[in-house]
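Engineer: The following block contains a protein sequence and its predicted model.
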Protein chains: 2
Amino acid sequence: MSLKHALLGLLSDRRASGYDLLKTFETSLANVWPANQSQIYTELTKLAGSGLITVAAEGPRGRKEYEITDEGLAELRHWLTEVTPQRVIRSDVLLRVFFLGVLSPEQARAYLTDLVDMSQSGYEQLRQLHDSIDWDDGNLSVYGRIALEYGLRFNAMRREWAEWAAQQIK
Amino acid sequence: MSLKHALLGLLSDRRASGYDLLKTFETSLANVWPANQSQIYTELTKLAGSGLITVAAEGPRGRKEYEITDEGLAELRHWLTEVTPQRVIRSDVLLRVFFLGVLSPEQARAYLTDLVDMSQSGYEQLRQLHDSIDWDDGNLSVYGRIALEYGLRFNAMRREWAEWAAQQIK
DNA sequence: TCTCGACATGTCAACAGTGGAATGTAGGCT
DNA sequence: AGCCTACATTCCACTGTTGACATGTCGAGA
């Protein structure tokens, strides 16, 4: 159900078309809640059907600009404040760790050192992104920076863990 | 496709029935790859159909004990060594952060301090689990401890981040 | 002996997510 | 004028996930 709220969240900032939202998902939200084209258009139609958003304007090429309604904003606020977040995150990265015993110690270590690299490059990518944005002191900047900091810390943590883990294998 | 590999992984350690596997998912794998009963039974039937596992024995109450085949083991090894893990993890926790601007600063801060608590209790739960297990030096112990350590570090990281983030809000 | 809880499996509808195909338009460049 | 790219949407088939319902058996203890 989170795609719905991701779209409401983006539309709470500014009105946008499906195409605009698709671009936003490809860039800024790609690391948090990826979504593809078909999913976004389908969800927008559903959201408009239930009155949480409306078509505010139509443009060239059949472009439909959606705008959040009061009802949609209420739903977004409800989700933010009342709905308890999921406690579990499915992680195929970690799932593999449980079964590394079926591999040779060398192969298992290789998996973990690959994770070190993956985390390192993830970190650097986010660092670059961080430096390329000129942060003002608006809401989007404040919360965007907070989310980005999470990504940096997460990758740093995972890197250190994977380094430690590789050493644990005799 | 990871449920498939989770089941293969568990069966690579020892043969088990759907019911056994269900119990394992409820306890040890619940934090990494949750799965419910219907999903597990459906997947086992599919796996048996494609020859990756076989019914090795039948017991009382229609119990079917599954065993991994050589083909299944090969598939598991392939997944562990060749298939590159997903880079993105969907996180509704983090998604909310992007949109905290629609709330008052007090409400936004409350969300973050709730995350502090959630992370803290997650940490303590894992710490208890860690202390309640008597770790030998078998494969399952080695990799189980590594996975658990990940959970501890993750929760610690998230806690510190959420504390820092709450302070960023004016 | 009876009953109840744990054991054990199967099925189905609904929703969420993936990937690809199809279709067409507006505007900028040569 | 013609072409190409970016803009823009819709539909479809398939896979994965959730939750509920249905069904039945074994064994321990009252």
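Structural biologist: Cool, got the structure.

Engineer: Could you give the backbone dihedrals for residue A:28?
Structural biologist: Phi and psi for residue A:28, reported as degrees, to the nearest 10, are phi -70, psi -30.

Engineer: oh, I was asking about residue A:30
Structural biologist: Dihedral angles for residue A:30 - degrees, to the nearest 10 - are phi -60, psi -30.

Engineer: Report whether the expected contact of it with residue B:87 is present.
Structural biologist: No. In this structure, residue A:30 is not within contact of residue B:87 by CB atoms under 8 Å, at 9.6 Å. Quick note: C-beta positions are derived from backbone N, CA and C, even for glycine.

Engineer: The one residue sitting closest to the centre of chain A is in what secondary structure piece?
Structural biologist: Residue closest to the average C-alpha location in chain A (CA atoms, centre = their mean): residue A:32, at 1.0 Å. Counting by DSSP states H and E, no helix or strand carries residue A:32.

Engineer: That one against residue B:94, yeah?
Structural biologist: Yes. When contacts are counted by CB under 8 Å, residue A:32 is listed as touching residue B:94 (5.0 Å).

Engineer: ok, the residue of chain A found nearest DNA strand C to chain B distance?
Structural biologist: Taking CB to the nearest atom of the strand, DNA strand C has its nearest neighbour within chain A at residue A:38, 3.0 Å off. As judged by CB to the nearest CB, to the nearest Å, residue A:38 and chain B stand 17 Å apart.

Engineer: contacting residues around that residue?
Structural biologist: Shown in contact with residue A:38 (CB atoms under 8 Å, 6 or more residues apart in numbering or on different chains): no residues.

Engineer: same question, residue A:123
Structural biologist: Taking CB under 8 Å, 6+ apart, one finds A:152, A:155-156, A:159 in contact with residue A:123.

Engineer: Which PyMOL command selects the buried ones in the residues you listed?
Structural biologist: Applying 16 or more other CB atoms under 10 Å in any protein chain shown to those, the buried members can be selected in PyMOL as follows:
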select buried, chain A and resi 152+155+159
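
Engineer: For chain A, just list every one of the strands.
Structural biologist: Taking DSSP state E, the strands of chain A run over residues A:53-58, A:64-68.

Engineer: how about the residues of chain A that lie near DNA strand D?
Structural biologist: A:17-20, A:22-23, A:37-38, A:41-42, A:44-45, A:59-64, A:90 (CB under 7 Å from any atom of the strand).

Engineer: These in helices, which ones?
Structural biologist: Among the residues of chain A next to DNA strand D, DSSP state H puts A:18-20, A:22-23, A:37-38, A:41-42, A:44-45 in helices.

Engineer: confidence score at residue A:78?
Structural biologist: pLDDT recorded at residue A:78 is 96.

Engineer: hey, where'd the helices end up in chain A?
Structural biologist: A:2-13, A:18-26, A:37-49, A:70-81, A:92-98, A:105-132, A:139-168.

Engineer: Of all these, which one comes closest to residue B:117?
Structural biologist: For residue B:117, the closest of these is helix A:70-81, at 15.4 Å, according to CB to CB.

Engineer: which residues touch the closest residue to residue A:103 other than its chain neighbours?
Structural biologist: Nearest non-adjacent residue to residue A:103, counting by CB to CB, 6 or more residues apart in numbering or on different chains: residue B:80, 5.8 Å away. Residues in contact with residue B:80, defined by CB under 8 Å, 6+ apart, are A:96, A:99-100, A:102-103, A:107, A:111.
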